[in-house]
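Undergrad: What follows is a predicted structure for the sequence shown.
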Amino acid sequence: LKQVFNKDKTFRPKRKFEPGTQRFELHKRAQASLNSGVDLKAAVQLPSGEDQNDWVAVHVVDFFNRINLIYGTICEFCTERTCPVMSGGPKYEYRWQDDMKYKKPTALPAPQYMNLLMDWIEVQINNEDIFPTSVGKCKEK
């Protein structure tokens, strides 16, 4: 069971913020508040004087890293044979559509669906138009 919850085991490399940048400082502040046992609502509240888009970007990347860590712990147990359908229980089946290879919603085995999903999220996070690395330059949607 220890190997399942190895916090260094991830599905993909962990995304990091460049030390010395404002986003790195925001990330440290977010981590400190989440680990301090404070009220969750207060922990995610925008710090005074900070850009809301930068604050959201930090949390999106952190959420991606956490999901990546969780998925990394189960991916060897969820194979195309053991998880032939991406589902949310017996009533819900998720289908993949990306307007490139999968033009219509397509049933896929869970590992394939997760690989495509994590690839898509990583592309979004790495897109400078959506998540610019320069502080204060996030576009409002």
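TA: Right, received. Where do you want to start?

Undergrad: so where's the chain uncertain?
TA: 1-15, 22-23, 30, 32-40, 134-141 (pLDDT under 70).

Undergrad: all helices of it, in order?
TA: For the chain, applying DSSP state H gives helices covering 22-35, 40-43, 52-74, 110-126.

Undergrad: could I get those as TSV with mean neighbour count and distance to K104?
TA: C-beta coordinates here come from the backbone N, C-alpha and C atoms, glycine included. Converted to TSV, these look like this (neighbours: other Cβ atoms under 10 Å; distance: least, Cβ to Cβ, whole Å):
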stretch	mean neighbour count	distance to K104
helix 22-35	15	38
helix 40-43	10	39
helix 52-74	17	25
helix 110-126	16	14
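
Undergrad: Reformat the ones you listed as TSV; add distance to K91.
TA: Shown next, in TSV, are these (distance: least, Cβ to Cβ, whole Å):
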stretch	distance to K91
helix 22-35	32
helix 40-43	29
helix 52-74	21
helix 110-126	16
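
Undergrad: Tell me which of the ones you listed sits nearest to D99.
TA: helix 110-126 (11.0 Å; Cβ to Cβ).

Undergrad: what's in contact with that closest one?
TA: Helix 110-126 is contacted by residues 11-12, 15, 60-61, 64, 68, 71, 75, 78-80, 83-87, 94, 96, 98, 102, 108, 130-131 when judged by Cβ atoms under 8 Å, 6 or more residues apart in numbering.

Undergrad: What about those residues, which are in strands?
TA: The strands, defined by DSSP state E, take in W96 from those.

Undergrad: could you flag which of the contacts of helix 110-126 are buried?
TA: For the contacts of helix 110-126, a burial check counting by 16 or more other Cβ atoms under 10 Å picks out 11-12, 60-61, 64, 68, 71, 75, 83, 86, 96, 108, 131.
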